[in-house]
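Undergrad: With the input below, show me the fold.
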Amino acid sequence: MTALLLTQKREIRKELELLLDETAELKRGAFVPHETIEEVSGINRDEKVWVKLIKHWKREMLARGLYVKAATPLGTGYKILTLDEQRITEPLNLQRQAVKRINKAAACIGSIPEEELDEVSLKFQTARLRQLVEMKQADEKQRAEVTSWLSNPETLPKLNGERQKIA
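TA: Numbering: from 1, shown residues only. You can find the predicted model right below:
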């Protein structure tokens, strides 16, 4: 019985296509309420398959060049990000989240007392911590570059021999 339950996954292709058709003409900055998704797809947000539907819908929208994220206040629906949100704000937010995860990973690995580790484990711990420090330093360098580019567009790297413009 348990094996049968694990293999029976609900297909959502039809519901996903309906949702994609409904949202195909939406522009950047549009809001898609949960109620609209429920009405179009026939899937209630309390169902387990809701998460699967949203994950696939967001992936398809991203393939179309539109980034979708949960709207605020949370629990109301989803927002298709504006160009500036997708180009500047959200990447910085995601980068901040990545740095927090790097810090957590470093704290997790670094909190192990050295005397509890054998020689190989200690080498691994040291190498991994070095790698995490390098990742954090690279992030700091990238942030400084982005800040410089946003405040002084003349510092943007050239692409095909021409200076890029920030719209």
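Undergrad: What helix or strand is the residue nearest to the spatial centre of the chain located in?
TA: Per Cα atoms, centre = their mean, the C-alpha nearest to the average position across the chain is that of residue 94, at 6.0 Å. Taking DSSP states H and E as the criterion, residue 94 maps to helix 90-110.
Undergrad: Assumed residue 85 was part of a helix.
TA: Yes: secondary structure of residue 85 (DSSP: H, G, I helix; E, B strand; the rest coil): part of a helix.
Undergrad: just so I have it, where are all the helices in the protein?
TA: Assigned by DSSP state H, the chain shows helices spanning 2-7, 13-23, 34-41, 49-63, 83-84, 90-110, 119-151.
Undergrad: so how far does stretch 35-46 reach from one end to the other?
TA: Length of stretch 35-46, first residue to last, Cα to Cα, to the nearest Å: 12 Å.
Undergrad: Can you list the neighbours in contact with that stretch?
TA: Stretch 35-46 is contacted by residues 12, 15-16, 18-19, 22, 34, 49-50, 53-54, 57, 77-78 when judged by Cβ atoms under 8 Å, 6 or more residues apart in numbering. C-beta: built from backbone N, CA, C; applies to glycine.
Undergrad: again with stretch 60-77
TA: Counting contacts by Cβ under 8 Å, 6+ apart, the residues outside stretch 60-77 that touch it are 16, 20, 23, 26, 28, 31-37, 57-58, 78-81, 85-86, 90.
Undergrad: Pull out the CA atoms of stretch 110-129 and give them to me as CSV.
TA: Extracted in CSV, the C-alpha atoms of stretch 110-129 (Å, rounded to 0.1, in the frame of the first residue of the first chain):
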residue,chain,number,x,y,z
GLY,A,110,34.0,26.0,12.2
SER,A,111,32.2,25.2,15.4
ILE,A,112,33.6,21.6,15.5
PRO,A,113,36.5,21.5,18.0
GLU,A,114,39.7,20.5,16.2
GLU,A,115,40.5,17.9,18.9
GLU,A,116,37.4,16.0,17.8
LEU,A,117,38.7,15.5,14.2
ASP,A,118,41.2,13.1,12.8
GLU,A,119,44.0,14.4,10.5
VAL,A,120,42.0,13.9,7.3
SER,A,121,38.8,15.5,8.7
LEU,A,122,40.8,18.4,10.0
LYS,A,123,42.4,19.0,6.5
PHE,A,124,38.9,18.8,5.0
GLN,A,125,37.5,21.2,7.5
THR,A,126,40.4,23.7,6.9
ALA,A,127,40.0,23.4,3.1
ARG,A,128,36.2,23.9,3.3
LEU,A,129,36.5,26.9,5.5
